[in-house]
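>>> 3D, please:
(one chain, ligands or ions: 2)
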Amino acid sequence: MTDCLFCRMVAGEIPADVVHETDRTLAFRDINPQAPTHVLVVPKEHHPTVAALAHADPDLLGAVVRAASAVAVQEGLATEDGVEPGYRVVTNTGPAAGQTVLHLHLHVLGGRDLRWPPG
Ligand code: 5GP
Ligand code: ZN
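Ligands and ions are numbered 1, 2, ... in the order given. All right, here's what the predicted structure looks like:
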């Protein structure tokens, strides 16, 4: 989709600070970080929401979640087999949740204590 920001970043048309890549996923730093680590993990294929992807291609959703986990380990937010110090994975769906880019992305947030409930 040529009018989709994240499709254009996957295509290399818009620069991205890439921290992790697989054949089906790309992870890059958020331009407006909300924590010391704030990485967006996307499928290279366009799917608008996590629900849409879960229905269309659950294997790809699994690949996106695995990529988020690999980013967390790479960023020192967890170990391969542990959860310390910890991190948060968020995906906003729709306007009430603040989704601004309609290409599924997992936010991986960490590097500080994260409050609950979120705003
Ligand atoms: P959403 O609000 O849809 O959950 O998240 C979209 C995210 O994309 C926001 O956190 C925003 O800062 C980030 N973002 C918007 N434009 C760009 C951009 O051009 N480059 C990068 N790296 N992140 C962007
Ligand atoms: Zn897209």
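>>> Show me the longest helix that occurs in the chain.
helix 58-74 (DSSP state H).
>>> close to ligand 1, is it?
No - contact between helix 58-74 and ligand 1 is absent, the nearest approach being 13.7 Å (criterion: CB under 6 Å from any ligand atom). Glycine gets a C-beta too; all of them are placed from N, C-alpha and C.
>>> what residue ranges in this structure are flagged as low confidence?
Within the chain, the stretches with pLDDT under 70 are 1.
>>> that older thread, can whatever helix or strand comes next after the longest helix of the chain be found next to ligand 1?
Sequence-wise, the next helix or strand downstream of helix 58-74 (DSSP states H and E) is strand 87-90. No - shown here: strand 87-90 not in contact with ligand 1 (CB under 6 Å from any ligand atom), separated by at least 7.4 Å.
>>> Strand 87-90: how far from the chain's middle?
Averaged C-alpha coordinates place strand 87-90 at 9 Å from its chain's average position (CA atoms, centre = their mean, to the nearest Å).
>>> partners of it, with directions?
When sheet partners are counted by DSSP bridges, strand 87-90 sits next to strand 106-110 (antiparallel).
>>> what's the partner strand in contact with?
Here strand 106-110 makes contact (CB atoms under 8 Å, 6 or more residues apart in numbering) with 27, 30, 34-42, 50, 64-65, 68, 71-72, 75, 77, 85-92.
>>> From the residues you listed, keep the buried residues only.
Buried positions within the contacts of strand 106-110, assessed by neighbour count (16 or more other CB atoms under 10 Å), are 27, 30, 35, 37-42, 50, 64, 68, 71-72, 75, 77, 87, 89, 91.
>>> residues in the protein within reach of ligand 1, list them.
Residues of the chain found near ligand 1 (CB under 6 Å from any ligand atom) are 5, 16, 28-32, 40, 92, 98-101.
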